[in-house]
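K.L.:
Pasting the sequence and the predicted model now:
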Amino acid sequence: MQPDVERELIRKCRAGDQRFYEPLVRAYEPSGLRLALSMMGNRDDAQDALQDAFVKAFHALDRFDPKRSFGPWFFQILRNQCRDMLRSRKARFDREALDERLEARPAGQETDPERRRQEQAARETLWEALGAVGEDHREVLVLKELQGFRYHEIAEILDVPEGTVASRLFHARKALHGTLLEMGVTYP
């Protein structure tokens, strides 16, 4: 979404016209669901977290700095909502929901059965390794490698300096690499 359009929608929401919040929700819903799913592990909890985060963001719009982009600010709220829910509900990391998202292919991108078997085995190994590296490492790896956020966006989401993101990502990749090696995975 264009920053000027985003700012105008937020201005109108702050002026009391709630209907202008819906375009923001529609714009950030798909990537928000992916982030929530990667943190919560199952679709139901992810959708609950996403909805709660949108409500919290709406009620906090008066505290939003319009010089910032809405996306990273919202993703920070969503991340905090997911963490709160994980603590309070003791939600479990469910690889099946994440695998479902990874298996989704655009129409016409079928692969042969052997290729699909290899991809499934690689996914299982990846999730086992991600589960072993710990929540903080998994979080930054998911944000960067699976969600595709840029360093400055991750910094805003995690509320840390960009240098800290780079450092955490370096250590997370190193931990993942070490875990994969311990599991007997070698790659070029």
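P.N.:
Thanks, I have the structure now.

K.L.:
Which residue, other than its chain neighbours, is closest to Val133?
P.N.:
Computed as C-beta to C-beta, 6 or more residues apart in numbering, the closest residue to Val133 that is not its neighbour in sequence is Ala175, at 4.5 Å. (C-beta placed from N, C-alpha, C; glycine too.)

K.L.:
is it true that the one you found touches His137?
P.N.:
Yes: using C-beta atoms under 8 Å, Ala175 is in contact with His137, at 5.1 Å.

K.L.:
coming back round to it: which strand or helix spans the residue nearest to Val133?
P.N.:
helix 162-182 (DSSP states H and E).

K.L.:
And for that helix, what's in contact with it?
P.N.:
125, 129-130, 132-134, 136-138, 140-141, 144, 151-152, 154-155, 158, 160, 187 (C-beta atoms under 8 Å, 6 or more residues apart in numbering).

K.L.:
Buried by neighbour count, from the residues you listed: which ones?
P.N.:
129-130, 132-133, 137-138, 140-141, 144, 151, 154-155, 158 (16 or more other C-beta atoms under 10 Å).

K.L.:
where does this protein have low pLDDT?
P.N.:
With pLDDT under 70 as the threshold, the chain has low-confidence stretches at 89-111, 188.

K.L.:
In it, which residue is most central in space?
P.N.:
Nearest to the mean C-alpha position of the chain, by C-alpha atoms, centre = their mean, lies Leu35 at 2.1 Å.

K.L.:
Output the contacting helices and strands for the helix or strand harbouring that one.
P.N.:
In the assignment (DSSP H and E), Leu35 maps to helix 22-40. Judged by 3 or more C-beta pairs under 8 Å, 6 or more residues apart in numbering; DSSP states H and E, helix 22-40 is in contact with helix 3-14, helix 43-59, helix 70-89, helix 95-103.

K.L.:
what comes into contact with the third one?
P.N.:
Yep, that's helix 70-89 we're talking about. If you take C-beta under 8 Å, 6+ apart as the criterion, helix 70-89 is touched by 1, 6, 10, 24, 28, 31-32, 35-36, 39-40, 45-46, 48-50, 52-54, 56-57, 60, 64-65, 91, 139, 149, 152-153, 156-159.
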